[in-house]
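K.L.:
Need a 3D model of the following:
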Amino acid sequence: MSLRDVLTKDLIRLQIPVENWQEAVQAAGNLMEQAGLCTSSYVDAMVQAVEQLGPYMVLAPGIALAHARPEDGMLKAGMSIVTLSTPVNFGSAANDPVGLVIGFGGVDKTAHVEMLRDLAIFLSNEDNQQMLKLATDVEAVLAAFE
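P.N.:
Modelled structure (predicted):
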């Protein structure tokens, strides 16, 4: 399963306004919930993970990978992409502020690891990171994952 297989227009929102990191994580999670990929409890668990464990989800400068455990309510493997009109702080001294939040989840370890690997390869390209952070066109984002 490729990232393009799980990413649709309905799972991408660009340059949205949020007040804080909680709203940013909820925005990414809500897209996944609306698409039937997870339950509201999964979205809540993503927020709780940061509250309990700190900003470990902020993987690189300006990029957070919002996720929780599959058993927290993930129904189908998938991801969402949200860019913020104004970046927010998660509490990561090295990587704040965050302007790109990727909602993510798998239903089993195998699919989860494969999707993470593909996403890591995609994001290892600095041009791909910049394109996502600055994107204003959903179609361009989808095309980048082809």
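
K.L.:
just checking, what packs against the helix or strand bottoming out on mean pLDDT in the chain?
P.N.:
Across the helices and strands of the chain, mean pLDDT, DSSP states H and E gives its lowest value to helix 3-6, namely a mean of 79. Judged by 3 or more Cβ pairs under 8 Å, 6 or more residues apart in numbering; DSSP states H and E, helix 3-6 is in contact with strand 78-88, helix 109-123. The C-beta positions use only the backbone N, C-alpha and C, and glycine is treated the same way.

K.L.:
wait, what's in contact with the spatially most central residue of the chain?
P.N.:
Centrality entry for the chain: nearest residue to the mean C-alpha point is residue 102, 1.2 Å, by Cα atoms, centre = their mean. Contact partners of residue 102, counting by Cβ atoms under 8 Å, 6 or more residues apart in numbering, are 28, 63-66, 79-82, 119.

K.L.:
So which residues make contact with the least confident helix or strand of the chain?
P.N.:
77-79, 115, 118-119, 122, 142, 145-146.
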